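1. test case, fold it:
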Amino acid sequence: KRVVAENARRKLHNELQELKGNIRVFARVRPPGGEEPALQVDDEGGSVAVAHHGASQSFRFDRAFTDASTQEDVFAEVSQFVQSALDGYNVSLFAYGQTGSGKTHTMFGTGSDLGIIPRSIAQILSTVEAETRNGWSYELEASFLEIYQEHIHDLLLCDEREREARVHKVVQGENGRQEVTDLIFEPVRTQRDVDRLMKVAEGNRSVARTDMNERSSRSH
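-> Coordinates of the predicted model:
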């Protein structure tokens, strides 16, 4: 009965996600920093209006977050994608924007104000713990990579020379998914394991100073 119920939940959940759209675009506006805001956000209608030379141009999104939106608000909207990943579906989520627009804050967070990535990891580990008590068995592994100047770097490889020299390729795996060759995969069981790997990966990212940020990520 438990398996039947779980399969029914999985089917309904992911049918709902398909109805919402397999590709969704959200916009998040950061606080103006003391300046007069140039954007008007309609969070209910999912639109952002940009004022320019006395005119206003409106852009529509699947969801728009105002500068008052919290990390909890953002994650509440994307946590359903994490559930789809747990259900075995391919999921990709990324942040795009100019330097200083708040991508790192949204994805990683600041201090105790956690972003999407640590909240997603917590949701995965919590689900695994609950399902393990129900008789399921899970093995979790993590890898971290960056794409910098069209090259793939393994961020868990701490030797800088080897990291720069190693050639990674994107290939189609046996399961039909796209895979990156020669990445380091580390087993993870707890939040502490993930935090340790994220710290290593963050320390190995390519960064440079910009006018907006003393230490800006130059990679994806």
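
2. confirm Glu131 sits in a helix?
-> Yes. Assignment of Glu131 by DSSP: H, G, I helix; E, B strand; the rest coil places it within a helix.

3. any idea how far Glu139 is from Asp87?
-> For Asp87, the distance to Glu139 equals 17 Å [C-beta to C-beta, to the nearest Å]. Just so you know, the C-beta spots here come from the backbone N, C-alpha and C atoms, and that holds for glycine as well.

4. quick one: Val48 from Ser120, how far?
-> 25 Å.

5. actually Ala95, not the one I typed
-> 13 Å.

6. and those two? Which one has more around it.
-> The residue with more neighbours, out of Ala95 and Ser120, is Ser120; 21 against 17, by other C-beta atoms under 10 Å.

7. list the buried ones in stretch 23-35?
-> For stretch 23-35, a neighbour-count test (16 or more other C-beta atoms under 10 Å) marks 26-30 as buried.

8. tell me which residues are up against it.
-> 38-39, 41, 48, 59, 61-67, 69, 74, 77-78, 101-102, 105-106 (C-beta atoms under 8 Å, 6 or more residues apart in numbering).

9. now list the buried members of those residues.
-> For the contacts of stretch 23-35, a burial check counting by 16+ other C-beta under 10 Å picks out 39, 41, 48, 61, 63-66, 69, 74, 78, 102, 106.
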